[in-house]
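Undergrad: predicted model follows, preceded by the sequence.
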Amino acid sequence: MGGVVVVGGGHAGLQTVASLRAGGYRGGATVVCAEPHAPYDRPSLSKEMLAGGTDPAAIAMRPRSFFDDRQIALLHDPVVGIDRVRRLLQLAGGRRLGYDHLVLATGATPRRLPVPGSGLSGVIELRSLDDALALRASLARARQAVVVGGGFIGLEVASAASARGIDVAVLERGERLLGRAVTPQVSEAVAAHHVAQGARLCLGESVTTLIGRYGCVTGVVTGSGQLLPADLVVVGVGAVPETGLAARAGLDTADGVVVDGWLTTSDPRISAIGDCATVRDPATGTTRRLESVQNATDQGRYVAARILGETTSPYTAVPWFWSNQGSLKLQMVKLGPEPDRLVRRGGPHRFSVLGFRDGLLTAVESVNDPGTHLAARRLLERVVPLVAARAAAAPDRGAEARGGGGGAWAVARGAPARPTRGPGPWHSGNPRIRRDRRLRHVTPGRRRR
């Protein structure tokens, strides 16, 4: 068959073939899915699918006619092997499929809860449409639910359960909710929201055993010895990238399929995108793996543009995320290393936390404050292309990552080619930021001279 073959029917894979066809690509385009369903919107699994009687067909990303009209082959047969020499895929059903360029968009799978009782009926993970349908059915009859994990998925499930009047307890090993993702100010607001919904928060707690009767879960035993009654346990303790296929093919893997700034693997005819890919961060020189729809679709568009010959520049999109938890809407965007100063603006229920690094705006977390989030994100989007361009051209990438020698962070701050007075165009003291109506009062310090 040849052409471009995408392994994975999620947002990253579908965006790749859609962008290829939109860009005039005339070769073969194939999407190989491991699931029997047509590609669907995964964020809806923890939102609309749990909130009510949403039909699974309503969350399909594209109708069947989309694939037919654009001559995109959609196969439902897991890939079990890659022959890189002959450029062939081996499918589980016995079929072999040739490719000119292969895109791995295999996603991630839920991290297992390694405790006794994890196989009991009523213990559910949420990653697929089938998982969501099973969880929705369980929510309809559950009286007491325990959510293991205070991350985004766990909290969205907890919100859906609380809305149904279920007695909900959230177990989180860390000392605060979303501890690895957001600032303490946002964590506090999220915790207050869930407590107001009626949820019980058990922070700094772990699970030692799940107990049951007649094969069904009846409770959770915590590390401190508490017994939490439950007829439903939802496990949301993170995800691990699907790297098995890539590893068996001899590609470099390390917390994901390793790709360079152009999203190419150690084999130049194979790209990796989305949740499964570990990509070099142009702002810091480090590698990172992101699990978000925006990241998946942006990388799909980029790889399609690269295959079409429309770009030779490295991937530069600014990563942003969102989470809806009942009436609470979180939006986050972050560029580069951790901020060294935080500025909060807004009221108790609608606010944003702006993060600065060396006076440079690098992050914003918004709670029910979409206007500020969008304004800050636009500022950050101006920075990233210049950061990446400088990082790609400079011989000493280690120095750039450290911010030395006028590297990437100097460009982000707007450092000129020759010395001048005053801050660069993205510095927090610059009046261009002050002119933005929503951000004019967020400068964290005096203007530098």
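TA: Cool, the structure landed. Numbering: from 1, shown residues only.

Undergrad: quick one: contacts for residue 195?
TA: Residue 195 makes contacts with residue 201, as judged by Cβ atoms under 8 Å, 6 or more residues apart in numbering. C-beta coordinates here come from the backbone N, C-alpha and C atoms, glycine included.

Undergrad: that one: what secondary structure?
TA: Here residue 195 is helix, with the state taken from DSSP: H, G, I helix; E, B strand; the rest coil.

Undergrad: just for the stretch 301-449 of the chain, where's the confidence low?
TA: Where the stretch 301-449 of the chain drops to pLDDT under 70, the residues are 383-449.

Undergrad: helices along that one, start to end?
TA: Here the stretch 301-449 of the chain has its helices, by DSSP state H, counting those that start in this stretch, at 370-393, 397-401, 408-412, 431-434.

Undergrad: please apply the same query to the stretch 101-250 of the chain.
TA: Going by DSSP H, counting those that start in this stretch, the stretch 101-250 of the chain shows helices at 129-141, 152-163, 184-196, 244-248.

Undergrad: the second one to helix 129-141, inter-axis angle?
TA: Read that as helix 152-163. Angle of helix 152-163 versus helix 129-141, following axes from the mean of the first three to the mean of the last three Cα atoms, to 10 degrees, is 30 degrees.

Undergrad: buried ones in helix 152-163?
TA: 152-163 (16 or more other Cβ atoms under 10 Å).

Undergrad: repeat for the last one
TA: Residues 245-246 are the ones in helix 244-248 that count as buried (16+ other Cβ under 10 Å).

Undergrad: what is the next helix-or-strand element following that helix packed up against?
TA: Once the chain leaves helix 244-248, the next helix or strand it forms, by DSSP states H and E, is strand 257-259. With contacts defined as 3 or more Cβ pairs under 8 Å, 6 or more residues apart in numbering; DSSP states H and E, the packing partners of strand 257-259 are strand 270-272, strand 277-280.

Undergrad: run through who's touching the first one.
TA: To tie it back to what came earlier, the one meant is strand 270-272. 82, 84, 101-105, 246, 249, 251, 256-259, 263-265, 303, 306.

Undergrad: give me the mean pLDDT for that strand.
TA: Strand 270-272 carries an average pLDDT of 98.

Undergrad: next one: stretch 226-243
TA: Stretch 226-243 comes out at a mean pLDDT of 96.

Undergrad: can you give me the end-to-end distance of it?
TA: 37 Å (Cα to Cα, to the nearest Å).

Undergrad: kindly export stretch 116-128 (C-alpha atoms) in PDB.
TA: The C-alpha trace of stretch 116-128 is given here as PDB (Å, rounded to 0.1, in the frame of the first residue of the first chain):
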ATOM      1  CA  PRO A 116      -4.000  -7.000  46.300                       C
ATOM      2  CA  GLY A 117      -7.600  -6.900  45.100                       C
ATOM      3  CA  SER A 118      -7.000  -4.800  42.000                       C
ATOM      4  CA  GLY A 119      -8.600  -7.400  39.900                       C
ATOM      5  CA  LEU A 120     -12.000  -7.300  41.700                       C
ATOM      6  CA  SER A 121     -15.100  -6.400  39.900                       C
ATOM      7  CA  GLY A 122     -16.000  -2.700  40.400                       C
ATOM      8  CA  VAL A 123     -12.300  -1.600  40.100                       C
ATOM      9  CA  ILE A 124     -12.200   0.500  36.900                       C
ATOM     10  CA  GLU A 125      -9.500   2.400  34.900                       C
ATOM     11  CA  LEU A 126     -10.500   5.000  32.400                       C
ATOM     12  CA  ARG A 127      -8.700   5.200  29.100                       C
ATOM     13  CA  SER A 128     -11.000   3.900  26.300                       C
END
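
Undergrad: for it, the distance to its chain's centre please.
TA: 23 Å (Cα atoms, centre = their mean, to the nearest Å).

Undergrad: now do stretch 334-344
TA: Worked out by Cα atoms, centre = their mean, stretch 334-344 lies 19 Å from the chain centre.

Undergrad: buried residues, it. List them.
TA: Neighbour-count burial for stretch 334-344 [16+ other Cβ under 10 Å]: 334-337, 339, 343.
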